[in-house]
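**Student:** Turn this into a model:
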Amino acid sequence: MGISLLATDGYKFSMAEAGWPLRRETFYYSHRKGGQQVVPLDLESYVRALLPTPTESDYVYLARNGYEMGAGFKAAIQRQDRLVIRALPKGARFYPREPVFTLTGPSALVSWLEPLLLQLNFRIQVATQALADREALAKALAVVSCEEEKRIALETLDAVGVKPVPMRVDTEGYHARVVAVVRELVEAVKDPSRIFEVGLRAATCLEQHEIALRACKEAGVMRTSHVLLAQKLGMIPVGTMGHEHVQRYGSDEAAFRAIRERRPERSSYLLDTYDTLTSGLPTAFRLIHEEPNAGDSIRFDSGDKKKQYTQAVSRAKEEGIKPVLILEDGLDAQATREFEELRSQYGWEPSKQFYGYGGFIVARTMANPYTRDRVAAVYKLAKTGHVPTMKFGNELAEGKQSIPGVPVVFRRRSGSGPIGLIGQEGEPVPEGYELLSGATPEAAAIPPVGAEEPRVAYTPTTQKLVEELRQQHFPQGRAQHS
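**Tutor:** Just a heads-up that it's a prediction; the model follows:
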């Protein structure tokens with residue numbers, strides 16, 4: 001039997017119902033930082049081993065918890081033969097921002113995979129460190145969180161031909177650290193029901209995440225985005241919207257209306273896909289005015305969240321609406337206390353403000369340093385149907401923006417120029433370069449070009465896509481960022 005259909009985040013199910021589950025889409029996996037890294041395994045085999053095997057009982061559980069799935073989703077999950085994988089070969093070196101692989105297939109299927117695929121970053125970091133400095137690796141892996149984490153590390157070392165290092169499994173220590181962190185958060189907000197956990201994407205494996213969630217439950221937190229463990233541990237699955245949903249629709253308003261008008265449950269509007277203060281927030285407030293008693297929420301996710309919060313609360317008070325406020329992304333206990341002070345200062349009801357934590361609970365409590373944040377691993381929607389799409393967010397730096405289209409990697413083999421070019425599928429190979437995406441392992445064996453600082457750039461084709469999308473969403477130029 002394969003992986004459970006429930007082994008993903010709850011918002012994957014709500015977005016599928018509010019989107020087009022059978023539409024052909026492309027996502028890509030990449031690391032935004034971390035220097036040169038190595039692919040330690042055959043990625044196509046790895047991805048296909050993660051595909052779910054749904055059961056009728058899965059759908060019954062989902063329906064009972066606000067995620068009743070339609071015929072389109074069920075068909076999309078079964079169409080696994082339509083999944084197309086374009087990956088760097090085993091042994092290939094890659095650089096920050098380069099697409100390690102792309103997945104193209106039915107929307108619901110390629111979206112469903114995200115949390116499990118992001119756990120790949122642990123294997124990549126272990127392999128990279130092993131090939132660079134085995135002594136440093138041994139120190140980093142001296143203590144691991146669980147048996148599965150140890151197994152993955154040993155499997156990775158074997159795959160790259162490095163001798164095993166001693167590892168001690170300290171499940172009790174990891175559990176205790178998570179309990180302590182969650183209790184500190186509960187103390188900050190005074191009510192565990194105002195906290196939910198979203199750390200599946202930050203975990204190294206499912207066993208580690210289960211340990212973390214058992215600790216959350218011990219500390220009183222009963223809500224998690226991980227549907228499978230919510231079922232197993234008697235917790236409550238949560239989650240409504242991610243950036244891909246807004247990208248899929250091409251505008252905040254269309255996306256927000258879809259989530260509200262295609263699902264009977266309360267809606268949560270994610271504000272920062274294009275720009276929080278000039279687009280996301282005013283659009284969400286327009287919809288909330290239409291049904292002010294629906295209990296809908298707005299979610300702050302990037303940029304200067306304090307500035308966004310103060311403007312949102314001030315505006316909401318002026319307009320006489322009371323949306324639920326949800327804060328996520330990079331929160332820790334100190335930030336939580338600061339937002340609680342702001343809540344008190346503005347007189348916002350405790351029952352109208354919630355907090356979601358991922359890496360702070362699951363990853364910062366790990367004994368080893370190989371966290372998702374260390375390399376900024378991402379999995380982003382790049383094309384929906386025939387339309388390229390990208391996330392702009394609230395940052396001017398290109399490193400925070402996603403790549404549109406069906407991106408591929410060209411590796412420089414001769415001449416001068418960037419070591420890596422991010423092009424598009426079907427684009428002619430630039431002179432002096434070789435197509436690395438989808439290449440055989442023999443291509444990966446070619447030594448990296450030179451020893452200069454790695455540089456990655458867009459081909460003219462990719463750059464043109466970015467400029468067209470920027471002009472489409474910001475025809476008058478980019479507003480001041482939040």
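**Student:** pLDDT score for the residue nearest to Thr389 when sequence neighbours are not counted?
**Tutor:** Closest residue in space to Thr389, ignoring its immediate chain neighbours: Gln247 at 4.2 Å, by Cβ to Cβ, 6 or more residues apart in numbering. Just so you know, the C-beta spots here come from the backbone N, C-alpha and C atoms, and that holds for glycine as well. Here, the pLDDT recorded for Gln247 equals 94.
**Student:** Now for Gln247: which residues touch it?
**Tutor:** 273, 381, 384, 389-391 (Cβ atoms under 8 Å, 6 or more residues apart in numbering).
**Student:** Val144 reaches Val169, doesn't it?
**Tutor:** Yes. Counting by Cβ atoms under 8 Å, Val169 is a contact partner of Val144 at 5.7 Å.
**Student:** higher neighbour count, these two?
**Tutor:** Neighbour totals were compared for Val144 and Val169, and Val144 leads with 25 against 16 (other Cβ atoms under 10 Å).
**Student:** quick one, what contacts that one?
**Tutor:** Per Cβ under 8 Å, 6+ apart, neighbours of Val144: 150, 153, 167-170, 367-368.
**Student:** returning to that earlier point: doesn't the residue nearest to Thr389 fall inside a helix?
**Tutor:** Yes. The assignment for Gln247, made by DSSP: H, G, I helix; E, B strand; the rest coil, places it in a helix.
**Student:** Go ahead and name everything in contact with the helix or strand of the chain with the lowest mean pLDDT.
**Tutor:** Across the helices and strands of the chain, mean confidence by mean pLDDT, DSSP states H and E is lowest for helix 441-444: a mean of 82. Residues from elsewhere that reach helix 441-444, judged by Cβ under 8 Å, 6+ apart: 39, 88-93, 411, 434, 436.
**Student:** Sitting in strands, which of these do you find?
**Tutor:** When DSSP state E defines the strands, the subset of those inside them is 93, 411, 434.
**Student:** burial of Arg64, as a residue count?
**Tutor:** Arg64 is flanked by 10 other residues according to other Cβ under 10 Å.
**Student:** And it, how close does it get to Ala108?
**Tutor:** Going from Arg64 to Ala108 by Cβ to Cβ, to the nearest Å gives 20 Å.
**Student:** on that earlier part again, ranking the contacts of Gln247 by neighbours, who comes first?
**Tutor:** Thr273 (29 neighbours).
**Student:** Looking at the contacts of Gln247, spot the one nearest Ala203.
**Tutor:** Nearest to Ala203 among the contacts of Gln247, counting by Cβ to Cβ, is Leu381 at 22.0 Å.
**Student:** So that closest one sits against Val387, correct?
**Tutor:** No. At 10.6 Å, Leu381 does not count as touching Val387 under the criterion of Cβ under 8 Å.
**Student:** tell me the contacts of the residue of the chain most remote from its centre?
**Tutor:** Computed with Cα atoms, centre = their mean, the residue of the chain farthest from its C-alpha average is Gly415, at 36.3 Å. Gly415 makes contact with 431-432, according to Cβ under 8 Å, 6+ apart.
**Student:** thinking again about what came up before, the contacts of Gln247 in strands, which ones?
**Tutor:** Per DSSP E, the contacts of Gln247 map to strands at 381, 384.
**Student:** pLDDT value on Ala445, please?
**Tutor:** 71.
**Student:** Please name the nearest non-neighbouring residue to it.
**Tutor:** Using Cβ to Cβ, 6+ apart, the closest residue to Ala445 is Gly91 (6.3 Å).
**Student:** Quick check: phi and psi at that neighbour.
**Tutor:** Dihedral angles of Gly91 (phi, psi; degrees, to the nearest 10) stand at phi 90, psi -10.
**Student:** Please report the distance of it from Ser111.
**Tutor:** Taking Cβ to Cβ, one finds Gly91 at 29 Å from Ser111.
**Student:** Have a look at those two and say which one is more surrounded.
**Tutor:** Ser111 (28 against 20).
**Student:** ok, the more buried one - contacts?
**Tutor:** 12, 15-16, 25, 27, 244, 381.
**Student:** before we move on, the earlier item: type out the ChimeraX command that picks the buried ones from the contacts of helix 441-444.
**Tutor:** Only the buried entries of the contacts of helix 441-444 go into this ChimeraX selection, using 16 or more other Cβ atoms under 10 Å:
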select :39,88,89,90,91,92,93,411,436
